[in-house]
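Q: Starting from these lines, generate the structure:
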Amino acid sequence: MLEPAHVTVETLFNDMAEQLGLQWVAGRQGGRRMLSSETIQKPTLALIGHLNFIHPNRVQVLGRAEMDYLHSLDTAGLADAIRHLFSTELAAVVIADGETVPDTLLDTAETSQTPLFTSPMAGPTLMSHLGHYLTQELAETDSVHGVFLEVLGIGVLLKGDSGVGKSELALELITRGHRLIADDVVELKHVAPETLEGACPPLIRDFLEVRGLGVLNIRYLFGETAVKQQKNLKLIVELVRPQEIGEVGLNRLDMVASTEAILGVAIPKVRVPVAAGRSLAVLVEVAVRNHILKSRGINPVEQFIRRQQAAIDGGN
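A: A predicted model of the protein is given here:
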């Protein structure tokens, strides 16, 4: 079972302070408070948002409208509203739009050890940046074995047993103008309901190991355009030895006959038998082109079946 991802408020501040103009004005002691991917699963506790007393957010953003509301309250009303706000599962408060922070808010943040930041950025823009950052940092992750490439603009994962020829195939695809993302270990993030983003661990980025040649630096050999940092995974190509398939192991009509679930996302998968004389690079390119056609609603198998049916009906 995968452990939930988490990030501390202090890490969020260090990563985003320069980009968002954040100033830490109170609650320094609460820097180790956690923002976890488990929070996203709670329907009554959003990760980030504007002021909401009924369904509070873990990171509370107070923009111009929210601050105008707080400033409109009398002393007792303001104290009550702030006390109610800090009674929830807050991780941090961000004052947007360069608004002045009321003393009561500063004192309560300090007393409750809740990090309080200010930013000159507009509230909606601030939330957009923070939302994107937290989506990336708190996404479910998994590591898979294979070679990840961008082929014809599509993220393709080459899988197969050790020694089946994944790296050699990847090298041939690179010489044909396609791009390497990761070799051996591919880190996948579940960044959207049906989207997995693949990247390479920094330690082995740009490198490809090929039997007989050793470790190659693809960036140095083929230039900057031969590598890419990340890409969404759209297709899996599994290289299999013919004896592993048998005579009826593949769907001969449908090139993409199956899917593979990774982090709960079903990814189309092609199984390609490896045999002497086969141009695997061409097969991978055609598999990608076929996948693109299917994503546009064009299915060659269905077209073939309809043509056969029309011929049968016409002969009766």
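Q: Where do the helices of this protein begin and end?
A: 9-20, 37-40, 64-71, 75-85, 103-112, 123-137, 166-175, 218-222, 242-245, 280-295, 300-315 (DSSP state H).
Q: most packed of those?
A: helix 166-175 (a mean of 20; mean count of other CB atoms under 10 Å). C-betas here are computed from N, CA, C, even on glycine.
Q: Give me the angle between that one and helix 280-295.
A: In terms of direction (axes from the mean of the first three to the mean of the last three CA atoms, to 10 degrees), helix 166-175 departs from helix 280-295 by 70 degrees.
Q: average pLDDT across helix 166-175?
A: Mean pLDDT, computed over helix 166-175, is 96.
Q: what about that helix, distance to the chain center?
A: Relative to its chain's centre, helix 166-175 lies at 25 Å (CA atoms, centre = their mean, to the nearest Å).
Q: same deal with stretch 307-316?
A: 47 Å.
Q: start the count at 156, not 1, going forward
A: Sure, I'll start numbering at 156, so the last one becomes stretch 462-471.
Q: Return it as CSV; C-alpha atoms alone will do.
A: C-alpha atoms of stretch 462-471 as CSV (Å, rounded to 0.1, in the frame of the first residue of the first chain):
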residue,chain,number,x,y,z
ARG,A,462,-16.5,-3.2,-44.2
GLN,A,463,-16.7,-7.0,-43.7
GLN,A,464,-20.3,-6.8,-42.5
ALA,A,465,-21.2,-4.6,-45.5
ALA,A,466,-19.7,-7.1,-47.9
ILE,A,467,-21.6,-10.0,-46.2
ASP,A,468,-24.8,-8.1,-46.3
GLY,A,469,-24.3,-7.2,-49.9
GLY,A,470,-23.7,-10.8,-50.9
ASN,A,471,-27.0,-12.0,-49.5
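Q: Just send the helices of the chain back as a markdown table, with distance to P423 too.
A: Listed next are those as a markdown table, based on distance: least, CB to CB, whole Å:
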| stretch | distance to P423 |
| --- | --- |
| helix 164-175 | 34 |
| helix 192-195 | 26 |
| helix 219-226 | 45 |
| helix 230-240 | 47 |
| helix 258-267 | 50 |
| helix 278-292 | 24 |
| helix 321-330 | 18 |
| helix 373-377 | 26 |
| helix 397-400 | 18 |
| helix 435-450 | 6 |
| helix 455-470 | 13 |
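Q: What backbone torsions are found at S434?
A: phi -90, psi 90 (degrees, to the nearest 10).
Q: quick revisit: could you point out which of the helices of the chain sits nearest L388?
A: Closest approach to L388 among these (CB to CB): helix 435-450, 11.8 Å.
Q: now for the closest one, which elements pack on it?
A: Contact analysis of helix 435-450 by 3 or more CB pairs under 8 Å, 6 or more residues apart in numbering; DSSP states H and E lists strand 295-306, strand 309-315, helix 321-330, strand 385-395, strand 420-428 as its packing neighbours.
Q: could the ones you listed be laid out in TSV, adding distance to L271?
A: Below are those laid out as TSV (distance: least, CB to CB, whole Å):
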stretch	distance to L271
strand 295-306	30
strand 309-315	41
helix 321-330	50
strand 385-395	34
strand 420-428	38
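Q: Show me the shaky parts of the stretch 356-471 of the chain.
A: 399-412, 470-471 (pLDDT under 70).
Q: cool, and the stretch 156-305 of the chain?
A: Residue ranges of the stretch 156-305 of the chain with pLDDT under 70: 156-159, 192-212.
Q: mind redoing it with 90?
A: Flagging of the stretch 156-305 of the chain using pLDDT under 90 yields the residue ranges 156-162, 189-247, 254-260, 278-279, 281-283, 285-296.
Q: out of the helices of the chain, nearest to R366?
A: helix 321-330 (7.0 Å).
Q: what's the angle from that closest one to strand 309-315?
A: If you take the same axes, to 10 degrees, helix 321-330 sits at 150 degrees to strand 309-315.
Q: Which strands and helices lie in contact with helix 321-330?
A: strand 295-306, strand 309-315, strand 334-347, strand 362-365, helix 373-377, helix 435-450.
Q: Please name the residues that touch E393.
A: If a contact means CB atoms under 8 Å, 6 or more residues apart in numbering, then E393 has 314-315, 424-427 as its contacts.
Q: All set now, cheers.
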